[in-house]
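J.: Sequence below, structure please.
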Amino acid sequence: MESKKQERTCRQCGSIFRQHKGTQVDKYCSRKCYHESRKIRKDKVCRRCSKKFYPSRSLEQLYCSRKCYFADKKEFHTVPKTCIRCGKSFAVLHMRREHSQNHCQKCIGELTAYKIILCKRCGKKIRVRQQTIEKGAAPIYCSETCYRPPRYTKCKTCGKTFRSSPTLTKKKMIRFCSRRCYYCYRGPSSSEERMIKTLKTLDIQYIREYRVEGSLYKLDFFFPTKNLAFEIDGEYWHKDTKEHDRQKDLYSLSQGIDTIRISDRKFMAMKNPDRFVLDVLQKHTGSQGSRRKIRPVNK
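T.: Alright, predicted model coming up:
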């Protein structure tokens, strides 16, 4: 009886195998030979263990596994190191010996552990790491609100209460709620307010914004019993009005009024403005003309 199988030769290993007639012709004797023939890369020998392996990652692969790779590299060997906190010895990789941590695992766990401290203002609990506390960088307040609480100021123009910057409020630079209120303000400046407060403390009679007779000139502070006037000049507003101020002083002098001028910065820097005002008033006992020499106006 004729056999239903016929013999064929494997293209990969060269062995003879039998296959049924009438079926698709197989070129390989097994799946192993088939996959071996489909390989693009050739087998290599591991540099560490001399074992043959198929380079599945890249053609430049030299090791059969990561274990052999780390074992053959000096950089991955461990070296001893001393903990700067407890003094115990621990191992680190050779490649990280310079930049690795300086604490052992036990100390790292203690340093990264959280501790509870209380907020200085509200008493709320704050979670802080031990390492931060040892460095002296632990927070004192729990939030920005506790660190810099909001401050409110009353607008000098409209009287509206508004929230202002704590830094500017401390420096007394915030007085208006908007730019409109700033330009519409017609009241005294900060230096004039200080002068008013000083005169009220000393109980001295004065007239604010006194108009000199026969002109449109106004004096900041006029003392009728002394025929003396105080002018507080802001550096910004009076930097280009020297000639106008000189003519104003000459006209006031012609009306028997002496004028004392002082810059607002100098007045605000005085530690004892009461003494300054008293000394000036004591030197001027009446309308005897100005003690300062003022050049006449060039016509």
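J.: Tell me, how many residues neighbour Tyr236?
T.: Neighbour count for Tyr236, taken as other C-beta atoms under 10 Å: 8. In short, each C-beta sits where N, CA and C put it, glycine included.
J.: how far away is it from Asp264?
T.: Separation of Tyr236 from Asp264 (C-beta to C-beta, to the nearest Å): 9 Å.
J.: His244 now?
T.: Taking C-beta to C-beta as the measure, His244 falls 17 Å from Asp264.
J.: Quick one: residues contacting Lys67.
T.: Contacts were defined as C-beta atoms under 8 Å, 6 or more residues apart in numbering; by that measure Lys67 touches no other residue.
J.: Considering only helices and strands, which part of this structure has the lowest mean pLDDT?
T.: Within the chain, no helix or strand scores below helix 166-170, which has a mean of 59 by mean pLDDT, DSSP states H and E.
J.: confidence score at Asn227?
T.: With respect to pLDDT, Asn227 has a value of 87.
J.: count of residues packed around it?
T.: Asn227 has 18 nearby residues by other C-beta under 10 Å.
J.: What of Gln131?
T.: Here the count is done by other C-beta under 10 Å, and Gln131 has 17 residues near it.
J.: so where do the strands sit in the stretch 101-250 of the chain?
T.: Taking DSSP state E, counting those that start in this stretch as the test, the strands found in the stretch 101-250 of the chain are 114-118, 125-129, 151-154, 161-164, 207-211, 218-223, 228-233.
J.: what would the ones you listed look like in TSV with mean neighbour count?
T.: Written out in TSV, the entries for those read as follows (neighbours: other C-beta atoms under 10 Å):
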stretch	mean neighbour count
strand 114-118	11
strand 125-129	13
strand 151-154	13
strand 161-164	14
strand 207-211	14
strand 218-223	20
strand 228-233	21
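J.: Could you export those strands to CSV, including columns for distance to Gly87?
T.: Written out in CSV, the entries for the strands of the stretch 101-250 of the chain read as follows (distance: least, C-beta to C-beta, whole Å):
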stretch, distance to Gly87
strand 114-118, 23
strand 125-129, 22
strand 151-154, 51
strand 161-164, 54
strand 207-211, 77
strand 218-223, 74
strand 228-233, 69
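J.: so which of these comes closest to Ser190?
T.: Nearest to Ser190 among those is strand 228-233; the distance by C-beta to C-beta comes to 10.1 Å.
J.: what's next to that closest one, contact-wise?
T.: Counting contacts by C-beta under 8 Å, 6+ apart, the residues outside strand 228-233 that touch it are 189, 191-192, 195, 210, 219-223, 245, 252, 257-264, 267, 280-281, 284.
J.: The residue most central in space within the chain and Cys119, how far apart?
T.: In the chain, the C-alpha closest to the average C-alpha coordinate belongs to Glu144, at a distance of 12.8 Å (C-alpha atoms, centre = their mean). As judged by C-beta to C-beta, Glu144 and Cys119 stand 12 Å apart.
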